[in-house]
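Peer 1: I would like the atomic coordinates for the input below:
(one chain, ligands or ions: 1)
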Amino acid sequence: MASITRLNQITRLTRPLLQDACRPVTSAPSPQWQQIRWSSHAPTSVALATRGQKPVTIQTLQKMYTENKPITMLTAHNFPSALMAQEAGMDMILVGDSLAMVSLGLNDTSEVTLDEMIMSARAVHRAANRSFTVGDLPMGSYEISPEQALTSAIRMIKEGRMQSVKLEGGAEMAPAIKKITTAGIPLCAHIGLTPQRQHALGGFRVQGNTLDKAMSLFRDAKAVEEAGAFAVVLECVPPDIAEEVTKALKIPTIGIGAGNKTSGQVLVQIDMLGVRPPDSFMPKFVKQFGSIWDTGLAAIKQYKDEVSDRSYPSASHVYKSDAKVTEAFKQAIQSSEAPASQPVEALKA
Ligand code: KIV
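Peer 2: Reported below is the predicted structural model:
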């Protein structure tokens, strides 16, 4: 009993100190960023992250297209990557099924499920309140029938909180596209190299590079436009063919590996940031705009070194202590009747 009283005394002494130490540091918040949660693991509030800019809508994209202003799109697969994409001013954020490879470590996109895509989309949605969001429908979630496609698209909107969906395929997907868009869900089509069909295409190959293939690409582009797509991704297409397709359409083309004459561009964030070992394979069209791998690796190595030599955490990373409390605490535990190894149950008895 005596030891419990002593423990209670210690708790009474240390509680105010701990409360003080854990209180948030209220360094003046920047006018655009307002921290509203105080765990180091909690996301920064994005309430004000639009920086006074209006959210991008289908109309904004249409206006950019008619004014011939390039539309910027980047993938994001989680909260911080979406926050960064939006902060950099991306018009559109795509939760692509490249999630399978770049975030889940799978070999290709065929394994990723609609549930996994939705989880990723929900995280992106929490960050993206300005950029226009697009959620990819993964393989198997839309090919069976237009009804299946609409059911999956509705899940992506209702559960994934995306503003639009994307699916792969051209003329053959027109009925599904029509079903989705007439239900009021904006849809971005994806033609040319369609990674979900890599085995049918014989691998990741340039598309539209013969007259027949270019004509088929053209028909696909026209069919998805006619079916109601608001934009179409053109992947791995020679630039002059992509340019002609772009000129023939009344909706924006978003190129990836399709030259700079499309209405916009999209890249996979992990690729363009260089978040992978330097000897990794990278498609020809990817430009690495940064090297997060090098920066991250150096930082983690330094962390390891500083933990190993005890230089981290240093005085600036610890909470202040009260010498009197520490002294009282030392004395209390030294004179405690309960040996340190005694189980908690025994203390309660
Ligand atoms: O899944 C994805 O990231 C994509 C882009 C490459 C367009 O579809």
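Peer 1: was I right about Ala258 contacting Val237?
Peer 2: Yes - the pair Ala258 / Val237 is scored as a contact, 4.4 Å apart, by CB atoms under 8 Å. Where you see a C-beta, it was placed from the backbone N, CA and C, and this is true even at glycine.
Peer 1: which residues are common contacts for those two?
Peer 2: Gly192 (CB atoms under 8 Å, 6 or more residues apart in numbering).
Peer 1: Would you mind listing the buried residues in stretch 166-182?
Peer 2: 166-171, 173-174, 176-181 (16 or more other CB atoms under 10 Å).
Peer 1: try stretch 190-199
Peer 2: 190-196.
Peer 1: how much space is there between the residue of the chain found nearest the ligand and Leu114?
Peer 2: Per CB to the nearest ligand atom, Gly96 is where the chain lies closest to the ligand, at 2.2 Å. Distance, Gly96 to Leu114, by CB to CB, to the nearest Å: 14 Å.
Peer 1: Among the two, which residue is more densely surrounded?
Peer 2: Gly96 (30 against 23; other CB atoms under 10 Å).
Peer 1: Please name the bridge partners of the nearest residue to the more buried one once chain neighbours are set aside.
Peer 2: With sequence-adjacent residues excluded and distances taken as CB to CB, 6 or more residues apart in numbering, Gly96 is closest to Thr75, at 4.4 Å. On the basis of DSSP bridges, Thr75 is bridged to Leu94.
Peer 1: circling back to that earlier point, so which of the buried residues of stretch 190-199 reach the ligand?
Peer 2: Counting by CB under 6 Å from any ligand atom, His190 from the buried residues of stretch 190-199 sit close to the ligand.
Peer 1: Among the buried residues of stretch 190-199, find the lowest-pLDDT one for me.
Peer 2: Lowest pLDDT of the buried residues of stretch 190-199: Pro195, 88.
Peer 1: Show me the buried residues of stretch 166-182 that map onto helices.
Peer 2: Those of the buried residues of stretch 166-182 mapping onto helices are 174, 176-181, per DSSP state H.
Peer 1: how about a markdown table for these, with pLDDT added?
Peer 2: Output for those, formatted as a markdown table (pLDDT from 0 to 100):
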| residue | pLDDT |
| --- | --- |
| Ala174 | 98 |
| Ala176 | 98 |
| Ile177 | 98 |
| Lys178 | 98 |
| Lys179 | 98 |
| Ile180 | 98 |
| Thr181 | 98 |
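Peer 1: In CSV: the residues you listed, plus distance to Glu226.
Peer 2: Converted to CSV, these look like this (distance: CB to CB, whole Å):
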residue, distance to Glu226
Ala174, 7
Ala176, 13
Ile177, 9
Lys178, 9
Lys179, 14
Ile180, 14
Thr181, 11
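Peer 1: Now render the residues you listed as TSV, adding distance to the ligand.
Peer 2: Formatted as TSV, those follow (distance: CB to the nearest ligand atom, whole Å):
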residue	distance to the ligand
Ala174	19
Ala176	17
Ile177	16
Lys178	21
Lys179	21
Ile180	17
Thr181	19
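Peer 1: residues in this structure within reach of the ligand, list them.
Peer 2: 75, 94, 96-98, 136, 190, 233, 256, 266, 268.
Peer 1: Any chance of a ChimeraX selection covering the buried ones in the residues you listed?
Peer 2: Command for ChimeraX, covering only those of the residues of the chain next to the ligand found buried under the criterion 16+ other CB under 10 Å:
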select :75,94,96,97,98,136,190,233,256,266,268
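Peer 1: all strands for this structure, in order.
Peer 2: All strands of the chain, identified by DSSP state E, fall at 71-75, 92-95, 132-136, 164-168, 187-192, 231-235, 253-256, 264-267.
Peer 1: right, so of these, which gets closest to Thr210?
Peer 2: Taking CB to CB, strand 187-192 is the member of these nearest to Thr210, at 13.4 Å.
Peer 1: Redo the strands of the chain as a markdown table? Include distance to Phe218.
Peer 2: Formatted as a markdown table, the strands of the chain follow (distance: least, CB to CB, whole Å):
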| stretch | distance to Phe218 |
| --- | --- |
| strand 71-75 | 21 |
| strand 92-95 | 24 |
| strand 132-136 | 23 |
| strand 164-168 | 17 |
| strand 187-192 | 10 |
| strand 231-235 | 11 |
| strand 253-256 | 12 |
| strand 264-267 | 19 |
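Peer 1: ok so, going back, for Lys320, state which of the residues of the chain next to the ligand is nearest.
Peer 2: Nearest to Lys320 among the residues of the chain next to the ligand, with distances taken as CB to CB, is Thr75, at 43.5 Å.
Peer 1: hmm, back to that, go through the ones in helices among the buried residues of stretch 166-182 and name the one nearest Phe329.
Peer 2: Ile180 (64.4 Å).
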